Structure formats: C-alpha cells, structure tokens
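J.: Here is my input, please return the structure:
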Amino acid sequence: MSRFEGVIVSDHWLQSQFTQVQLRSLKSKFIALKNQNGQVLVGDLSALLVKLKPFGEIFMEDEIMDKLCASGFDKSNEVDFEGFLRAYVTLESQATAKSGDLKSPTSFLNATTTTLLHTIDESEKKSYVAHMNSYLRDDPFMKQFLPMDPTTNALFELARDGVLLCKLINVAVPNTIDERAINTKRILNPWERNENHTLCLNSAKAIGCTVVNIGTQDLVEGRPHLVLGLISQIIKIQLLADLNLRKTPQLLELVEDNNDVEELMGLAPEKLLLKWMNFHLKKAGYKKPVTNFSSDLKDGEAYAYLLNVLAPEYGSPDTLDAKDPVERADLVLSHAEKMDCKRYLTPKDIVEGSSNLNLAFLAQIFHQRNGLSADSKNISFAEMMTDDAQMSREERCFRLWINSLGVSSYVNNLFEDVRNGWVLLEVLDKVSPGSVNWKQATKPPIKMPFRKVENCNQVIKLGRQLKFSLVNLAGNDFVQGNKKLILAFLWQLMRFHMLQLLKNLRKRSQGREITDADILKWANKKVKITGRTSQMESFKDKSLSSGLFFLQLLSAIEPRVVNWNLVTKGESDEEKKLNATYIISVARKLGCSIFLLPEDIMEVNQKMILMLTASLMYWSLQQFEETESSPSSVAETPEGSPESSFNGDDHESRVDPDIDKLEIDDASSDTSVTSMIGHDGSSLQ
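T.: From the prediction side, this is the model:
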C-alpha cells in the first residue's frame, strides 16, 4: 500500500491552476493518448480536448487545433504533460472569453474550482474569519487557536489539519459530524490529517456543498481559493438555513394567494431572500426592485428603507439624507448593529457591491428580524404541506445525492425542481453516460407545459431501458409533482448508480450484475471472518438498529477506524443514536459518500441501510482494485504506520484478502428492485 503523493508539476504557477483531482484526471487522459513510441504530439491534443467539458460545447476539433497553433504550438512537435497543461490553460482562457459565461452574482462560489482566476477577496476572507472567530470562540478545542488574525494566512494554515472545517460544518448544520470521529490532537500525522479532510469533504456534500473537484490533498496544501470557496459555501448554508417554509412558515405572507405557494417553494434561498426584501421595500415605498446582491445595493438606499421598516426604533433620517454612499453605508451598518447584526462587512464592501458579503449581511438581518407576521392561518397551512418524517428524509437524501454528482443544475427543492424533467435527464446522463437524446430535450426555463411532459417522457423511457419498475408511471406524474412516484424513481436511479459502480470495480465479475443479495452476502462474510457472530438477515433486520453490526463491518474493512471505547451497547434509543451518528461519521471519515441520517439506521430504513452497506462495499473493493493495479507500491508504506484514508480519487487502504474470493451468484438474489418498489411504482415504507 502506498502513501499518497499528488501530481507534481515543476512550474508552480501552472500547478496552482488545477486541483489535484483535475491533475490526476488529466494525467490519466494524457497517458492514454501516447502512441506506440510512447509520445504525444501536439496534433493529437485536439481530439482529446474536444471531449473535455470546458471545450467541447464551444469549439470544434479543427478550431481547437487552429487556436493552439495560433498560440505558438507546432502540431508536429512532441508535447510533455506540462505542455499539455499549458495548452489546456491557453484554450480555457479563450473558451471563457468566447462563452462570456460570467458567474452569477448570487452563486456564492457554488463552483469552487475555477482554474483561471485564483484571486482571493481579502474582504471576504476578513468577513469569514470574523464569522469563525465569533461562532467557534467557545469551542473547547478551537479556542486555543482563536481568534485568527484576518490580515495573515492564519486561516489557511489552521485549515490544513481539517479540524476547523469540520467544526464549521457542525456550526452550519449541527450534529452533521460526530465530533468523536474528528482527530483533534495538537499535532496530527499525515494520515490523521487526511482522515479529517475526507470526513470534511464527505460531510460537506451531505449538507449541500459542491465539492466535485476538491481533493483532500488540496486542503492539506491549504490552497487559498479552494479553502475560501468551501468555507463560503458552508457559511452560506448556515445563514440561509431558515429560508424555507418548514423553518419559517411566516414566509407564506410573501404570496397573495395559495396558487403562488408552489412558486414560493421552488425558489432558491437566495431568490427567496430577495423576494422577502422586496416585499418589505414595497411596504416602505421604495420604488426600485432589488434583483441582485451587488449593483442594486451599492448606494445603500435599499438597506436604509429595509431597516427602517424592520427596526424603526433605531432609524435615523440622517441615513437617507446622506449624500456620500460610504457615509450612508456606515449609518446602515450602525443601524444593523443595534439589531444585534454583527459587523462582518465594511461600508466599502457595500459600496463596491460585494455580492457574497451583501448576501451574508441580508441573511443575518432576516435571521435577527424578518418582520413577518405570525399569522396562525399561514402557519397551519404550511404545516399541512409538510411531509411525513421518512418522506422528508428521503427527499433530503436524493436531493443531496443529485447535487453531489456534479450536474450543472443545483436542486434546492427536489419535488419542485424535477417537475420539468431536465434535472432527471442530467442525472440519467451522469449515471448512464450517452443515454440521453439531448436533441429531444428542452432546457429550462420552459414556458410550454408539453415540453416538460416531453422531457419527463424521455426520463420514463430511459428508466424502462434501465429495467426500472415503472408500472403505471407516466411522464405527467413527474410534471404534476407526485411525490411518492418521484421518490420511487429516484430510489431506483440511486440504487442503479451504486450497483454500476460496484460492477465496474469487480474485475472478476466478468460483466455479471451485482445484486442486493451479493451486498448482503459480502457484509456478513466480512464480519464473520473477523470471528464475530453478528449477521444481518436482510436490509430490514430490526437488530441493525443498535448499530453494532455496522461498527463491526467498519472495523472488519479497516481495523483501526473504530474506537471501541466510544461504542455503546445500543440498547436504549439514546445509545442507538450515539452509535448511529458515530457510524455515519466513521464511514465518511473512511471515504464513503453517504447521505442517510441517524434515524435511518435507528428505524432500519431498508433503502438507506442498503445504500450504506453498498457504499462500504464499494470503498473496500476500491482499495483492492487500486492496490492490485499497483502491487509495487506496498513496500512504500513505513512499517507500523496507520493506513491512510482518502476521499474520491484519493482512496488508499489495506488490501482485503477476502474480496477476490467473493462469489457472484445472480440466482441467489432474493432482494430485487421490485422487493423495494410497489407494483404501482411507489416506494414501500
């Protein structure tokens, strides 16, 4: 087993333009391009580059070659990997210029890995440091390192160990990470540091962050643009947590009749925040609608009107009378401070139109005083729209899973966002590449209802091709927002994706499908080999609620990962929850991307139990496949060193001696898709 080493590029500037995940992917593609003489010519690059996402949608293959030649490349010359990277960067700058694809002012760094512009916004860094100093100052472990100085690189240095980011995730969404799983020694070795970052990245995905192109090594290196981009997403999730009808049913006051409620539910939190602001501005007599968090807020007038409505007792006529925008912005911040809104941004940030900081400031104002009425009718209506607990957990799981795939659409409200079919087509194209006929699909915004039906009909057609159980299910069921059928379809899609991942890793399966029964058999065999007697009869075995079987399974695939001193007997509900939260964090720390909640283990939700077991199997098989492909690397690990665990492409661990002996027996599967899907396509509870 080898220690992880990133792809090293001699030109430090060139290396800084890519994440480690990107470098590894590009290097593998470059190596595959070599001819019989072990060479790659410049003339060969266009065929590769046109297949890559940044370029294929903008340039033709001949056009790429012309642009490379115009930039000084000779197509008859040999090119090394660094030359290929330079060609990539050169072409990317031209693609950006041609597409004019500028970031949305409300993106809040959703795309955290742009490779050309790595400038750090010092105002944002200062604001985020102040936020963390405030929220983590009482943390027993972190207080020894805080407060951080925002004028230095203390933030990026402290982030290298991963503890800061894990703690910040728990501030944003409490109890996401079981802090018993975080390595919190004063000085961490490389393996412990990587475990923390693996736990961080998988947990960040589990709360809705986009981390597709970030690897653990990027965080270990403390790469400022990636660290800051991840932090900004985590803080955004914290600040916008209350902007939904479940948390704040008073938001129904923003719509005049119940027919507009669906539109309200489908709004992204940022859009909902703007709608809330405009609602109050209209009452205050402010004539101009605010459509963004930058240019529309630069003069400070909208803020002045908003705060005068929300907290008139702290208002001053001097604010609107001020001629200088900086002076007005300063008065706005003083007004907000009296409402207990911390001053994380400066008057200059408002005047310069810092969209991220304005969004954060406005969200803070909403949190402190939203100015909405507690109308009992509105609240009761909102409560009527809430789903049962299990449906809500499944919606959350599938929504986060979709967002983790790296599709271009971001899902804020699953049941609303899938109704036009486009998101489902994107997911299908991701899990079954090339299956979607994009010429027959319509991209949002879609005004004509029949276009939505066409998209959804293609989704159903592709689902049938993948042998999903879709009895009595039609595209119009998605358009109408049938929640039960949407969840049933997405469950089959998620399960298909995981089984395909397992199948692709199984070199000895000879193309045979992996079944639910194979996963069950693998898990029981792994635990039995360790000498333990625990076994699970099925994925709905009630004995699984204690969590002990999964802790034994985790220990079987990586002996050092479970600290048995922290494990309870799992007899009471409290003990079961402690074990369940520990299982989820340990699995993420190991490298599994999972989206279930402790309640799913405690209540033995068979679908989520299957996905947890399959994820553990995938991680374990992946270690065997990677180690088998690099047998010479075993000697590189120092004797006695703990094996390292990585996220995504960084997985490395000990070889599982039993994996290659696992027999694949299709006939033995008694847990098929239809055992979890009703005959009408609905998911069984």
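
J.: how does the protein divide up, domain by domain?
T.: Here the domain parsing of the chain from the TED database is 12-98, 122-240, 249-382, 387-505, 516-626.

J.: export the ones you listed to TSV and tack on mean pLDDT and mean neighbour count?
T.: Yep, even glycine has a C-beta here, placed from its N, CA and C like the rest. Formatted as TSV, the domains of the chain follow (pLDDT from 0 to 100; neighbours: other C-beta atoms under 10 Å):
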stretch	mean pLDDT	mean neighbour count
domain 12-98	77	16
domain 122-240	92	20
domain 249-382	86	17
domain 387-505	91	18
domain 516-626	93	20
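
J.: Distance of the closest residue to residue 254 other than its chain neighbours relative to residue 309?
T.: Leaving aside its sequence neighbours, residue 254 sits nearest to residue 279 (C-beta to C-beta, 6 or more residues apart in numbering; 5.1 Å). Distance, residue 279 to residue 309, using C-beta to C-beta, to the nearest Å: 10 Å.

J.: Ok, residue 464 next?
T.: To residue 309, residue 464 is 54 Å away according to C-beta to C-beta.

J.: try residue 236
T.: As for residue 236, its distance to residue 309 is 25 Å (criterion: C-beta to C-beta).

J.: could you measure residue 567 against residue 575, distance?
T.: Separation of residue 567 from residue 575 (C-beta to C-beta): 9 Å.

J.: try residue 319
T.: Taking C-beta to C-beta as the criterion, residue 319 is separated from residue 575 by 56 Å.

J.: same deal with residue 86?
T.: 58 Å.

J.: what sits against residue 486?
T.: When contacts are counted by C-beta atoms under 8 Å, 6 or more residues apart in numbering, residue 486 is found next to 414-415, 418, 477-478.

J.: now do residue 428
T.: 435-436, 459, 462-463, 493 are the contacts of residue 428 under C-beta under 8 Å, 6+ apart.

J.: Distance to residue 544 added to those, as CSV?
T.: Listed next are the contacts of residue 428 as CSV, based on distance: C-beta to C-beta, whole Å:
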residue, distance to residue 544
435, 34
436, 37
459, 33
462, 33
463, 29
493, 24
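
J.: Out of those residues, flag the one nearest to residue 28.
T.: Taking C-beta to C-beta as the measure, residue 28 sits nearest to residue 435 out of those, at 23.7 Å.

J.: Please report phi then psi for residue 42.
T.: phi -60, psi -40 (degrees, to the nearest 10).

J.: Would you agree it is in contact with residue 80?
T.: No: using C-beta atoms under 8 Å, residue 42 is not in contact with residue 80, being 10.8 Å away.

J.: Wait, residue 202 touches residue 595, no?
T.: No: using C-beta under 8 Å, residue 202 makes no contact with residue 595, being 9.6 Å away.

J.: And the strand or helix carrying residue 225, what does it pack against?
T.: Assessed by DSSP states H and E, residue 225 sits inside helix 224-239. Applying 3 or more C-beta pairs under 8 Å, 6 or more residues apart in numbering; DSSP states H and E, we find helix 224-239 packed against helix 122-136, helix 154-159, helix 163-172, helix 190-207, helix 216-220, helix 355-368.

J.: what does the first one contact?
T.: By that I understand helix 122-136. Identification of contacts with helix 122-136 by C-beta under 8 Å, 6+ apart yields 142-143, 146-151, 154-155, 164, 167-168, 171, 228, 231-232, 235, 342, 344-346, 348-349, 354, 356-357, 360.
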